[in-house]
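1. Provided below for reference: sequence and predicted model.
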Amino acid sequence: MSEMQRKLTTIFSADVQDYTRLMGADEEGTLATLKRYRDTMSRLIGARGGRMINTWGDGLIGEFPSVVEAVRTAVDIQNELAGLNAARPADGRMMFRIGINLGDIIVEGDDIYGDGVNIAARLQSMAPAGGIVISNTVYDQVRNKLAIGFDFLGTLEVKNVAEAVPSYAVRIGDVTGIPQVATREQPRTAGKPSERPTPRAYKSIGFLAVVAAVLVGINVLSWHGEFWAAWPLLVFAVLSTLTWTRRQNRVDAGIASLAIVGLGIVGINLLSWHGEFWAIWPLLAVGAAAGFR
């Protein structure tokens, strides 16, 4: 009987999108295509130091000693399979979904078990057809090592795992339809293939800027010794910054929003200054909220 051991490794999980439909339409052709595509995946996995652990139905599990090579292999697989699918009719294309997780697992013989494997399978189930979803443990290792982009999807609930798993979609080729992940909090950028603000965001910010300029003009033209336009300007500044932040991937939207609210409170304190910095108390609460997040 094989002895059980633990180790830290990168788990690669993949399956076919709409496999049941493909089998119903052409059983023998689908099985032949599945074998061909699996052979392609096995070749690419082995070429980068990984190993196939097992296959079942339309799925497969692999592992890599290197997190970077696991993600690089996943991208290569999706690109090569996209080339194979290009020669097939649209309704006969076999699209794989891939999930990757770095975690501590139990090894028994050639098999692996544990939460690390379950998380990889859950990530794979949330990936779009032809796409890749990775856990935060993988993202932390590869974000500065590969010339690819990532979209934060939110925190993913995994059965029998106490804490939700922050997840990211890998941007490759023309894959779209980044999934809406079931989360404990609203995903910040799900469905947005770019870190750049959308034209709608620019339009909203531009509208606020025009309104602010009009108010300043009214204040100046009707000057009576008081710059009352400072109040709406503060409101517009906070709203514009929040609008911009919600469309960024480079910072955590929750923490950034708390920081903006804190600055807004400081602005209110300064504009209504009576010799007391009372904003220190709400700032303390905002700081605690940011710390817990």
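-> That came in fine, so what should we check first? Residues are numbered from 1 along each chain as shown.
2. mind checking the SS state of the residue lying closest to Phe227 once chain neighbours are set aside?
-> Nearest non-adjacent residue to Phe227, counting by C-beta to C-beta, 6 or more residues apart in numbering: Asn219, 6.2 Å away. Placement of C-beta: from N, CA and C, glycine included. Secondary structure assignment for Asn219 (DSSP: H, G, I helix; E, B strand; the rest coil): helix.
3. Quick check, Asn219 in contact with Ala229.
-> Yes: taking contacts as C-beta atoms under 8 Å, Asn219 lies within contact range of Ala229: 3.8 Å.
4. Surely Ala129 forms part of a strand?
-> No: per three-state DSSP, Ala129 lies outside any strand segment and is coil.
5. And the helix or strand that contains Gly103, what does it pack against?
-> Per DSSP states H and E, Gly103 falls inside strand 96-108. In terms of contacts (3 or more C-beta pairs under 8 Å, 6 or more residues apart in numbering; DSSP states H and E), strand 96-108 is packed against strand 4-16, helix 67-86, strand 111-113, helix 115-126, strand 132-135, helix 136-142.
6. relative to helix 67-86, how tilted is it?
-> 140 degrees (axes from the mean of the first three to the mean of the last three C-alpha atoms, to 10 degrees).
7. Only the C-alpha atoms, please, for strand 96-108, written as PDB.
-> Extracted C-alpha coordinates of strand 96-108, given in PDB (Å, rounded to 0.1, in the frame of the first residue of the first chain):
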ATOM      1  CA  PHE A  96     -11.700  23.400 -22.600                       C
ATOM      2  CA  ARG A  97     -12.000  25.300 -19.400                       C
ATOM      3  CA  ILE A  98      -8.900  25.400 -17.200                       C
ATOM      4  CA  GLY A  99      -8.400  26.100 -13.400                       C
ATOM      5  CA  ILE A 100      -5.000  26.400 -11.700                       C
ATOM      6  CA  ASN A 101      -4.300  26.500  -7.900                       C
ATOM      7  CA  LEU A 102      -1.200  26.400  -5.800                       C
ATOM      8  CA  GLY A 103      -1.900  24.400  -2.700                       C
ATOM      9  CA  ASP A 104      -0.900  21.800  -0.100                       C
ATOM     10  CA  ILE A 105      -2.100  18.400  -1.200                       C
ATOM     11  CA  ILE A 106      -2.000  14.700  -0.100                       C
ATOM     12  CA  VAL A 107      -0.100  12.400  -2.500                       C
ATOM     13  CA  GLU A 108      -0.800   8.600  -2.500                       C
END
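8. so it versus helix 115-126, what angle?
-> 170 degrees.
9. Could you list the low-pLDDT ranges of the stretch 151-293 of the chain?
-> Low-confidence segments of the stretch 151-293 of the chain (pLDDT under 70): 173-205, 244-253, 293.
10. looking at the helices and strands packed on strand 96-108, which one has the lowest mean pLDDT?
-> Here the lowest mean pLDDT among the helices and strands packed on strand 96-108 goes to strand 111-113, at a mean of 87.
11. tell me which residues in it are buried?
-> Of all the residues in strand 111-113, those buried under the rule 16 or more other C-beta atoms under 10 Å are Ile112.
12. before we move on, what about stretch 68-87?
-> 69-78, 81-82, 85.
13. How about residues contacting it?
-> 10, 12, 14, 36-37, 40-41, 44-45, 47-50, 64, 93-96, 98, 100, 130-132, 134, 138, 141-142, 145-146, 148, 170, 172-173, 175 (C-beta atoms under 8 Å, 6 or more residues apart in numbering).
14. ditto for stretch 221-229
-> Contacts for stretch 221-229 (C-beta under 8 Å, 6+ apart): 212, 215-216, 218-219.
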